[in-house]
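Undergrad: A predicted structure for the sequence below; I have some questions about it.
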Amino acid sequence: MSNQEFWQGKIKIRENYYPRFMSAPVDGVSDSPFRQLVRDFSPNELLYTEMRHASLVANERTGISLRYNKVEMPMEYQISTHKTDFVEKAVEKVIAADFSSINLNCGCPAKTVIKSGCGSALMEDLKHLETLIKFFIKTIDGRKAFTVKIRAGFKKKNAFDVAQLAQDSGVDAIIIHPRTQPEGFASRLDYDLAAKIKSHLSIPLIFSGNITRFDIAQRVYDLTGCDGYMIGRALWGAPWKMKEFTEAAAGREFKSSVELALTYALKHLDLNIQFYGPNGFIPFKKQVSLYVRDIPQAAQWRMRLLRSQTEAEMRNVFSEIYKEQNLTIKT
Ligand SMILES: Cc1cc2nc3c(=O)[nH]c(=O)nc-3n(C[C@H](O)[C@H](O)[C@H](O)COP(=O)(O)O)c2cc1C
């Protein structure tokens with residue numbers, strides 16, 4: 001298959017076909033407002049929720065962790081846990097909410113997460129991991145696809161064995177971020193490991209890590225042969241990023257602009273207020289700086305946006321930015 005044909009093709013996860021790019025699960029970022037913005041540009045791509053613990057999904061009263069707008073579909077729900085308690089109840093709720101598929105997080109490196117044996121700590125004990133994966137598969141009982149997201153390993157690199165175990169247990173696809181837990185999100189990615197795993201798997205392997213441009217995705221495909229490519233940080237403050245890649249794959253160019261970034265900053269703020277209520281401008285502060293990074297005096301605007309104490313104050317700063325850029329806010 002030529003490189004061009006590959007990118008026009010689809011990845012098959014059980015009976016579902018998806019574009020090869022997909023958005024990553026990112027705690028604190030890939031919430032419903034963010035996913036709706038990504039969907040504006042990427043109509044068919046698989047999106048991921050934030051990671052949520054099985055006990056929270058099973059027991060929360062508000063149901064906020066399962067709330068979404070139907071435009072966000074197709075979407076995979078990511079669960080974190082280290083034991084089977086609450087898995088049945090959580091899975092039933094995720095299936096009742098009609099998410100496209102379910103993912104088990106076996107990759108999170110955060111100390112607060114691994115301390116309780118969740119995330120990447122699951123990769124340390126293969127027997128235990130096998131029991132947990134099989135429990136998910138038995139509970140889901142073929143009603144949805146089930147995938148796992150792994151690292152190169154916990155302390156030592158054992159992703160090859162973990163991937164084989166996952167496939168043999170009946171997992172439908174694997175996502176790999178090829179760094180170990182101590183390597184966090186910044187060290188060199190192990191492309192050779194991803195390539196070795198890919199060449200031994202019959203289920204799809206999705207690559208996650210530093211895919212910030214289409215030519216980088218092409219290079220990673222050449223190095224690893226992976227079936228899908230997950231985009232994480234490149235989408236922050238740039239929900240059009242996957243569109244940039246798919247356009248490049250089709251030989252076209254998608255050009256973003258300051259006006260587009262400002263329009264989407266305000267849309268993000270609107271959706272956050274709708275979703276979280278009047279204080280929705282506070283979680284938006286995590287991403288607001290990225291929307292204004294390309295305008296003159298970005299540092300000064302960033303500071304003022306981050307210091308805003310109310311939604312109205314933040315909107316006033318945006319009005320000033322628009323004025324300074326000779327742009328008009330479209331309502
Ligand atoms: C702040 C932050 C939060 C993350 N949260 C999650 C998460 O909830 N679940 C998950 O599987 N991965 C999570 N990740 C990892 C990403 O999904 C992705 O694998 C990683 O950022 C590498 O991809 P990138 O270089 O495209 O960002 C997180 C990463 C970061 C930086």
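TA: That came through fine. Numbering: from 1, shown residues only.
Undergrad: Pull the distance from the helix or strand containing residue 179 to the chain's centre.
TA: Taking DSSP states H and E as the criterion, residue 179 maps to strand 173-180. The chain centre lies 13 Å from the centre of strand 173-180; the measure is CA atoms, centre = their mean, to the nearest Å.
Undergrad: can you tell if the helix or strand following that strand touches the ligand?
TA: Tracing the chain past strand 173-180, the next element assigned as helix or strand by DSSP H and E is helix 191-200. No. Using CB under 6 Å from any ligand atom, helix 191-200 stays clear of the ligand, with a minimum separation of 12.5 Å. C-beta coordinates here come from the backbone N, C-alpha and C atoms, glycine included.
Undergrad: Chain neighbours aside, what residue packs nearest to residue 243?
TA: residue 41 (3.8 Å; CB to CB, 6 or more residues apart in numbering).
Undergrad: tally of neighbours for the one you found?
TA: Neighbourhood size, residue 41 [other CB atoms under 10 Å]: 21.
Undergrad: and it, how far is that from the ligand?
TA: Separation of residue 41 from the ligand (CB to the nearest ligand atom, to the nearest Å) stands at 17 Å.
Undergrad: dump the residue contacts of that residue.
TA: Each residue near residue 41 by CB atoms under 8 Å, 6 or more residues apart in numbering is listed here: 239-240, 242-243.
Undergrad: For the strand holding residue 179, name the packing helices and strands.
TA: On a contact count with 3 or more CB pairs under 8 Å, 6 or more residues apart in numbering; DSSP states H and E, strand 173-180 meets strand 145-153, helix 159-169, helix 191-200, strand 205-208, strand 228-231.
Undergrad: Show me what counts as buried in the longest one.
TA: The neighbour-count criterion (16 or more other CB atoms under 10 Å) identifies 159, 162-163, 165-167, 169 as the buried residues of helix 159-169.
Undergrad: doesn't residue 75 make contact with residue 46?
TA: Yes. Assessed by CB atoms under 8 Å, residue 46 is found in contact with residue 75 at 7.1 Å.
Undergrad: anything in contact with each of these two?
TA: Contacts common to residue 46 and residue 75, judged by CB under 8 Å, 6+ apart, are residue 100.
Undergrad: hmm, back to that, for the helices and strands packed on strand 173-180, which one sits closest to residue 129?
TA: The closest of the helices and strands packed on strand 173-180 to residue 129 is helix 159-169. By CB to CB, the value is 6.8 Å.
Undergrad: any residue of the closest one up close to the ligand?
TA: No. Using CB under 6 Å from any ligand atom, helix 159-169 stays clear of the ligand, coming no nearer than 13.3 Å.
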